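Participant: Got a sequence here, can you build the structure:
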Amino acid sequence: MTITFFSNFLLHHQTPFCKAMIRQIGDGFRFVATKPIPEERLEMGYENMEDAPYAVNAYRDEDSYKEAMRLGDESDVVIIGSAPDVFIKKRLAENKLTFRYSERFFKKFRWRFDPRVWRMRYQKDIRYRSKNLHMLCASAYTAPDCRFIFSYPNKTYQWGYFPEIKEVPYDALREQKTQDGRINIIWVSRFIKLKHPEEIIRLAKQLKKDRLDFHIEMLGIGELRNQYERIVADEGLSDWISFTGPYAPFEVLEHMQKADIFLFTSDKNEGWGAVMNEAMSSACAVVACREIGSVPFLITHGENGLIYDKHGSNSLYHNVKSLIQDKTFRERLQKNAYDTINNVWNADTATERLLHLINCIQKGTPSGYTSGPCSRA
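Facilitator: Numbers count the residues shown, from 1 in each chain. Predicted structure coming up:
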């Protein structure tokens, strides 16, 4: 079998899936990058992986572009994310098995009619609703958006990002966490509007007022960081909030492994949010906003994490407070979060399931998955 994955550029969040595919089908797998990794990403510590043995860099030269076009035409299966449809134009016309890989379509308003948006959605999705084109949903909100435009009927599947899991036994991770005393809380994001760092400031003021023993590490860079450093100093919160980073991805994981609680405060403009996979695999008790794409797929509230409503009254505060005050509850969520990623939502399991799903689609039989990767979304 030959499978080709098209996307804009190769990131460390995608390499575990690529490597799992190589282990499963060998040289039959290729990743096509359609543009070089941006300098901004490299400055943030991301590795340039364009020389990976399975990578085809369509932007590099004419021969590479022609090879990418050939793979788009001739591969048994194509997965296409953020890449131009020119690579799959011929295979769609020939009705060959193809998967789109997408976050939600409408991050602002579904009901606002914009002829340009609907024209684009028709060209990419709606007109192929009865064809052999399926959707791997990299957000819990992709499938509802598909139904809204009457596309991909019964052809939307749970998917996502599968960042590398550092294989550390749970007991070893637990030893790095707070056993008694001050609770370590971590927030990992860019300091930009959609990530809502202001919610962390508000939370810290409330927890401080309750005389709870905690410390929040805000890890990241961004245009708003200096502003929030000043706010923390002015509010007298410097003993409770610190600012660190930037760090390379492996260093971020080391910080997560020492944290008790991970906070994810983005709004619906967040696509998937692979940082949550990493926090859960590091055995953090996660408190995450409902609007984030990965949250409804990864979290069962009260079992392996907590979901808060951005529009609810002090929802974030009450959830975090419950974890600080209840060690048994906190540790149960930490263990279940760890198991969720290590047993289900990881690259090896997703790859095995996708190959099984492909086989079922080709045979016209149901896959049998009722939850997790490749189940119906």
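Participant: mind checking the end-to-end distance for stretch 87-97?
Facilitator: 14 Å (C-alpha to C-alpha, to the nearest Å).
Participant: Buried residues in it, which are they?
Facilitator: Residues of stretch 87-97 classed as buried under the neighbour-count rule (16 or more other C-beta atoms under 10 Å) are Phe87, Ile88, Arg91, Leu92, Lys96, Leu97. (Glycine included, C-beta is placed from N, CA and C.)
Participant: Can you pull the domain assignment for this protein?
Facilitator: If you go by automatic domain parsing, the domain ranges for the chain are 3-163+345-363, 170-343.
Participant: how about the strands in the stretch 51-200 of the chain?
Facilitator: Under the criterion DSSP state E, counting those that start in this stretch, the stretch 51-200 of the chain carries strands at the ranges 55-57, 77-80, 98-102, 133-137, 156-158, 183-188.
Participant: could you redo the ones you listed as CSV and give each row mean neighbour count, mean pLDDT and distance to Thr2?
Facilitator: CSV is the format used below for those (neighbours: other C-beta atoms under 10 Å; pLDDT from 0 to 100; distance: least, C-beta to C-beta, whole Å):
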stretch, mean neighbour count, mean pLDDT, distance to Thr2
strand 55-57, 20, 96, 12
strand 77-80, 24, 98, 7
strand 98-102, 22, 97, 13
strand 133-137, 23, 98, 17
strand 156-158, 23, 98, 20
strand 183-188, 23, 98, 37
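Participant: for the buried residues of stretch 87-97, which one is nearest Glu331?
Facilitator: Set against Glu331, the nearest of the buried residues of stretch 87-97 by C-beta to C-beta is Leu97 (44.2 Å).
Participant: ok, that closest one - contacts?
Facilitator: Applying C-beta atoms under 8 Å, 6 or more residues apart in numbering to Leu97 gives the contacts Asp76, Val77, Val78, Asn132, His134, Ile358, Ile361, Gln362.
Participant: rewinding a little: compare the domains of the chain and give me the one nearest Pro373.
Facilitator: Of the domains of the chain, the one closest to Pro373 (C-beta to C-beta) turns out to be domain 3-163+345-363, at 4.1 Å.
Participant: Lys321 contacts Leu212, correct?
Facilitator: Yes - Lys321 lies in contact with Leu212 (C-beta atoms under 8 Å); the separation is 7.0 Å.
Participant: how about TSV for the strands of the stretch 51-200 of the chain, with distance to Leu306 added?
Facilitator: TSV is the format used below for those (distance: least, C-beta to C-beta, whole Å):
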stretch	distance to Leu306
strand 55-57	39
strand 77-80	32
strand 98-102	27
strand 133-137	23
strand 156-158	21
strand 183-188	13
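Participant: between those, which gets nearest to Gly302?
Facilitator: Proximity to Gly302 (C-beta to C-beta) singles out strand 183-188 among the strands of the stretch 51-200 of the chain, at 18.8 Å.
Participant: Tell me the strands beside the closest one, with direction?
Facilitator: Paired with strand 183-188 in the same sheet, following DSSP bridges, are strand 214-219 (parallel), strand 261-264 (parallel).
Participant: How far away from the center of its chain is the longest one?
Facilitator: For strand 214-219, the separation from the chain centroid amounts to 22 Å (computed by C-alpha atoms, centre = their mean, to the nearest Å).
Participant: likewise the last one?
Facilitator: For strand 261-264, the gap between its own C-alpha mean and the chain's C-alpha mean amounts to 15 Å (C-alpha atoms, centre = their mean).
Participant: Repeat that for stretch 177-191.
Facilitator: Mean-position distance between stretch 177-191 and its chain equals 21 Å (C-alpha atoms, centre = their mean).
Participant: Need the distance between the two termini of that stretch.
Facilitator: 26 Å.
Participant: Quick one: the domains of the chain as JSON lines, columns for distance to Cys374 too.
Facilitator: Shown next, in JSON lines, are the domains of the chain (distance: least, C-beta to C-beta, whole Å):
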{"stretch": "domain 3-163+345-363", "distance to Cys374": "4"}
{"stretch": "domain 170-343", "distance to Cys374": "12"}
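Participant: okay, the lowest-mean-pLDDT helix or strand in the chain in CSV with CA atoms only?
Facilitator: Using mean pLDDT, DSSP states H and E, the weakest-scoring helix or strand in the chain turns out to be helix 39-43, at a mean of 75. This file holds the C-alpha atoms of helix 39-43, laid out as CSV (Å, rounded to 0.1, in the frame of the first residue of the first chain):
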residue,chain,number,x,y,z
GLU,A,39,11.6,31.4,10.2
GLU,A,40,9.3,32.3,13.1
ARG,A,41,8.9,28.6,14.0
LEU,A,42,12.6,28.0,13.8
GLU,A,43,13.2,30.9,16.2
